[in-house]
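1. Please work out how this folds:
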Amino acid sequence: MQTIERRSSWNFIDTLLSKWRAKFIIPYLRPDSVVCDVGCGQEGRILVSIADRIKEGYGFDFNLKAGSAPRDNIHLSNADFLTVGKRFDVVILLAVIEHLPYPEAAETMLEGICTKLNPGGVLIMTTPDKRAKRLLEFLAYRLHVINEEEIRDHKHYFDKTELVSFSKVAGFGEVHHRHFQLGLNNLVICRK
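-> Predicted coordinates for the structure are as follows:
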């Protein structure tokens, strides 16, 4: 599986945008949910923030900081999530797929997630829309108000048609899409 690199030099705007993406997770959580966050970042912040709402959370990122998660029901690992013998009710893939080589690694990622979901399980995925490319580059390279490394690492920008088609090919039976953040980001909810 492709390494997903996350940067630690986020500023206030990067953090605010991340929290905006994270709010889409809440409606899909139950007290008995087992949640997987692929590309959870160095500290698994989203999983830690929802720890009281779920049974267990598993975060995977190749750049995790050393040490254990601050909650007993949260498990963080720098292993490849596909190698872990666990199945999940919800998989979170927030602002990750655009960092993968397209289409090969992105396709492998979605197919792998589909195999790790329990029947009826949900994938919650966000990624910048193609229309956001110029604006993100301007904000990062010219104004320096968002993380330049993150934007430089984007391999592909997606549109609705591409994401829906791509998700169905990966094996998801039900795929819903909508734009958010003024139409510059894609939210895709896929059900196995």
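2. Residue 188 and residue 36, how far apart?
-> Distance of residue 188 to residue 36, given as C-beta to C-beta, to the nearest Å: 16 Å. (C-beta placed from N, C-alpha, C; glycine too.)
3. same check, this time on residue 184
-> Look at residue 184 and residue 36: by C-beta to C-beta, they are 26 Å apart.
4. try residue 52
-> Relative to residue 36, and taking C-beta to C-beta, residue 52 is found at 18 Å.
5. can you check residue 98 too?
-> As for residue 98, its distance to residue 36 is 19 Å (criterion: C-beta to C-beta).
6. Same question for residue 145.
-> When distances are taken as C-beta to C-beta, residue 145 and residue 36 turn out to be 31 Å apart.
7. same thing with residue 168?
-> Going from residue 168 to residue 36 by C-beta to C-beta gives 21 Å.
8. who's more crowded, these two?
-> Neighbours around residue 168 and residue 36, counted as other C-beta atoms under 10 Å, are more numerous at residue 36. The numbers are 27 against 14.
9. Now that one. Nearest residue, chain neighbours left out?
-> Of all residues not flanking residue 36 in the chain, residue 88 sits nearest, at 4.2 Å (C-beta to C-beta, 6 or more residues apart in numbering).
10. One more: residue 180?
-> Leaving aside its sequence neighbours, residue 180 sits nearest to residue 187 (C-beta to C-beta, 6+ apart; 5.4 Å).
11. and that neighbour, what are its phi and psi?
-> In this entry, residue 187 is assigned phi and psi values of phi -120, psi 120 (degrees, to the nearest 10).
12. so what's it up against?
-> With contacts taken as C-beta atoms under 8 Å, 6 or more residues apart in numbering, residue 187 has the following neighbours: 24, 124, 125, 126, 177, 178, 179, 180.
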